[in-house]
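K.L.:
structure, please.
(2 chains)
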Amino acid sequence: DGGITQSPKYLFRKEGQNVTLSCEQNLNHDAMYWYRQDPGQGLRLIYYSQIVNDFQKGDIAEGYSVSREKKESFPLTVTSAQKNPTAFYLCASSGWTAYNEQFFGPGTRLTVL
Amino acid sequence: AQRVTQPEKLLSVFKGAPVELKCNYSYSGSPELFWYVQYSRQRLQLLLRHISRESIKGFTADLNKGETSFHLKKPFAQEEDSAMYYCALGGGSNYKLTFGKGTLLTVNP
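P.N.:
Reported below is the predicted structural model:
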């Protein structure tokens, strides 16, 4: 079940600490995305990247940061400025044309204690 | 602004009954509509997209631009259809998707 991987599966951190979630894909996709999934809220877009060294804020970017130094990798940092970081985080990738399917990773569940 | 509304958080039907999961959207341009599904302990995955007009696992969805809807339908629900279903809207030049809040479908035996 390769394609797009996320690590770790579970992550625990103390309040006030930054934490970085990993997302890697071997699908040769240009676009990558980070979503946050909360019960009753659906998926909300945090950041997305169309090409290497470029990324845009999604709907809930405050308190998060990303980088896209390589096509295969799109790590997400949850900073101490994020007021409610405990959530399930999903990474996805897709080709960069219309109607393209987004492929999702297995997710990382972050719990801030 | 793009918006997707799935009015039902929960939907419960019996096996063999018809099922319809509602999705309404708001978008001023030409929409691209998708249904994604998340089965228990599996990844979120694409179920179908309006442009392909195909039937996947017996599910169909028709884009109704007049009613701005993209309801997902299946004539005879199966227990394995139990899952969380998300309607998603794309459009414009950036190809990002806006997801609805999801509907949890339970098909009872």
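K.L.:
ok, and the closest non-adjacent residue to residue 64?
P.N.:
Going with chain A. residue A:46 (5.2 Å; C-beta to C-beta, 6 or more residues apart in numbering or on different chains). Yep, even glycine has a C-beta here, placed from its N, CA and C like the rest.
K.L.:
that's the wrong chain, I wanted chain B
P.N.:
The spatially closest residue to residue B:64, leaving aside those adjacent along the chain, is residue B:70, at 7.3 Å (C-beta to C-beta, 6+ apart).
K.L.:
check contacts around the one you found.
P.N.:
When the contact criterion is C-beta atoms under 8 Å, 6 or more residues apart in numbering or on different chains, the partners of residue B:70 are B:23, B:24, B:25, B:33, B:35, B:50, B:61, B:62, B:63, B:64, B:87.
K.L.:
distance of the residue nearest to residue A:64 relative to residue A:63?
P.N.:
Distance, residue A:46 to residue A:63, using C-beta to C-beta, to the nearest Å: 9 Å.
K.L.:
returning to that earlier point: what's the strand or helix carrying the residue nearest to residue A:64 in contact with?
P.N.:
In this structure, residue A:46 sits in strand A:42-49 according to DSSP states H and E. Defining contact as C-beta under 8 Å, 6+ apart, one finds that strand A:42-49 is touched by A:31-38, A:55-61, A:64, A:66, A:68, A:74, A:76, A:89-90, B:6, B:44, B:86, B:94, B:96-102.
K.L.:
tell me the bridge partners for the residue nearest in space to the middle of chain A.
P.N.:
By C-alpha atoms, centre = their mean, chain A has its centre lying nearest to residue A:34, at 2.9 Å. Counting by DSSP bridges, residue A:34 forms beta bridges with residue A:47, residue A:91.
K.L.:
quick check: it touching residue A:22?
P.N.:
No: with the criterion set as C-beta atoms under 8 Å, residue A:34 and residue A:22 do not qualify as a contacting pair; they are 11.3 Å apart.
K.L.:
still on that earlier bit, just the buried ones among the contacts of residue B:70, please.
P.N.:
If you count burial by 16 or more other C-beta atoms under 10 Å in any protein chain shown, the buried members of the contacts of residue B:70 come out as B:23, B:24, B:25, B:33, B:35, B:50, B:61, B:63, B:87.
K.L.:
and for the residue lying closest to residue A:60 once chain neighbours are set aside, the neighbour number?
P.N.:
Using C-beta to C-beta, 6+ apart and skipping the chain neighbours, the partner closest in space to residue A:60 is residue A:44 (5.0 Å). Using other C-beta atoms under 10 Å in any protein chain shown, residue A:44 is surrounded by 17 other residues.
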